[in-house]
Every structure is written in structure tokens, then in C-alpha cells.
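> Quick check, what structure comes out for this input:
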Amino acid sequence: MAAGGRGAGLVAVLAFAGIVVSRMQSLLIPLIPQLPGLLHASATDSTWAVTATLLAGAVVTPTVGRLGDMVGKRRMLLLSIGMLIAGSAIGGLSTSLVPLVVGRVLQGLAAGVIPLGISIMRDELAPAKLGGATAMMSASLGVGGALGLPAAAVIADNFDWHLLFWIAAALGAVAFVLVVSLVPESKMRTGGRFDLPGAL
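Residues are numbered from 1 along each chain as shown. All right, here's what the predicted structure looks like:
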């Protein structure tokens, strides 16, 4: 179990990672009316730049949770944040729909950060601190969206839209370094095998 100061740092890092990831859901919402012109695509096709992230997140959450139990939650947490960074970089370089959707899928594959964070807290925190920490981690989903939407709108109105993705990549890199520095790998593992066809 994590000691007091270390436990507080663990919760803060995991909550920050959760906020960074949850921002991805609202990242492009202020740009929806402009996406067809920006991406040289139809309005219907352009909505995939938003939908792809939500769809990928819904699919990956149970999958990455199972893999975390099998091969290590911290390892899967870092992999998830790494996909967010990669997806953000691809988005930052995109000028058409297909690469942007690829980047957005990778960003969506980071959605497992929040359930992984809660699982790590269960392994590392004392029972008396777990309830509040879990609530904070769960709240990061709403906080990220609430902070991300107005920030994205300001950036979209005043700067090149690619900056949205470069900021996301930078925040992801900060989260990655903090996790490497402050989040321990749980020694708890479960047996069994991973159902790859079912996941696909």
C-alpha cells in the first residue's frame, strides 16, 4: 500500500492522466462546422473525426483492463498514454480526413487510462483512502471534458487547429513522464488467456 505522501502523489498523477485523456472526447467539437472545409471531405465523412475516438474508447476499455490484469496495469497505462501521444502527433500533422481519423482512433485507444487508474488505486491505496481517490479518478472524465471544450474553442478561434493536437501531445508526454516517475507496477496478476478474436 502507498504511504500518505506517495499515495497523494499517485492519485494526483492518475487523475491528471485521466483529465488529459478525457479531453480527447471534446477536442474537435468546436471545429465540427469547419471540418469539411479543413479536411476537404463531405460533412458526413468528417464526423468520423469525432466518432472514431468515441468508438475506439468504447471498444478498448474492457480489453485494456483485461490485459492490465494479465501483463501489468502500469505497463498498459503507459501503452495507452503512448497511443494518445502518437495519435495526437498524427493529428497535428494531418491535412486530410484519413490520417486524422487514424490519429483520432489512437487517441480513443487511450480511454483505458481511467479504469486502469482506478484499478491501480485499488492495488496501492489503503481502504480508507480508496473511496475518495476513486471518486476523483472518475470525476476526471467530466473535468477533462468541461475544461477541454472551452479551451479547444479558444484555440480553434484564434490559432491554427493543429495546435489542439500538439497541446494534447505535450500534455500526454507530461502524463507519461509522471507515470514513469511516480506510479509503481502492481505485482497482482490474474491467470487465463486473452480472447484476441473476441476483442477484435
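
> Going along the chain, name the helices of this protein.
Remark: helices assigned in the chain by DSSP state H are 4-26, 35-39, 43-46, 48-71, 73-93, 97-108, 113-124, 127-158, 162-182, 196-199.

> least reliable of these going by mean pLDDT?
Sorting those by mean pLDDT places helix 196-199 lowest, at a mean of 73.

> ok, residues contacting that one?
Here helix 196-199 makes contact (C-beta atoms under 8 Å, 6 or more residues apart in numbering) with residue 63. From N, CA and C alone the C-beta is placed, and that goes for glycine too.

> Apart from its chain neighbours, what residue comes closest to the most centrally placed residue in the chain?
For the chain, the residue lying nearest the average C-alpha position, counting by C-alpha atoms, centre = their mean, turns out to be residue 21 (2.7 Å). The shortest distance from residue 21 to any non-neighbouring residue, by C-beta to C-beta, 6 or more residues apart in numbering, is to residue 113 (4.5 Å).

> Relative to residue 93, how far out is that neighbour?
23 Å (C-beta to C-beta, to the nearest Å).

> Who has more neighbours out of these two?
residue 113 (31 against 13; other C-beta atoms under 10 Å).

> ok, that one touching residue 19?
No. Counting by C-beta atoms under 8 Å, residue 113 sits too far from residue 19 to count as a contact (9.8 Å).

> any idea how far residue 186 is from residue 128?
19 Å.

> try residue 194
34 Å.

> So between the two, which is more surrounded?
Neighbours were counted for residue 194 and for residue 128 using other C-beta under 10 Å; residue 194 has more, 12 against 7.

> show me what contacts the residue lying closest to residue 79 once chain neighbours are set aside?
Leaving aside its chain neighbours, residue 79 sits nearest to residue 64 (7.9 Å; criterion: C-beta to C-beta, 6+ apart). Contacts here follow C-beta under 8 Å, 6+ apart; on that basis residue 64 touches 76, 79-80, 109, 112, 115-116.

> Which of those has the largest number of neighbours?
residue 116 (30 neighbours).

> quick revisit: JSON lines please, covering the contacts of residue 64 and showing distance to residue 145.
JSON lines is the format used below for those (distance: C-beta to C-beta, whole Å):
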{"residue": "76", "distance to residue 145": "23"}
{"residue": "79", "distance to residue 145": "23"}
{"residue": "80", "distance to residue 145": "18"}
{"residue": "109", "distance to residue 145": "18"}
{"residue": "112", "distance to residue 145": "17"}
{"residue": "115", "distance to residue 145": "17"}
{"residue": "116", "distance to residue 145": "19"}
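
> List just the nearest of the residues you listed to residue 170.
residue 80 (16.9 Å; C-beta to C-beta).

> from what I can see that closest one touches residue 113, true?
Yes. If you go by C-beta under 8 Å, residue 80 and residue 113 touch, sitting 5.0 Å apart.

> which residues are common contacts for these two?
residue 21.
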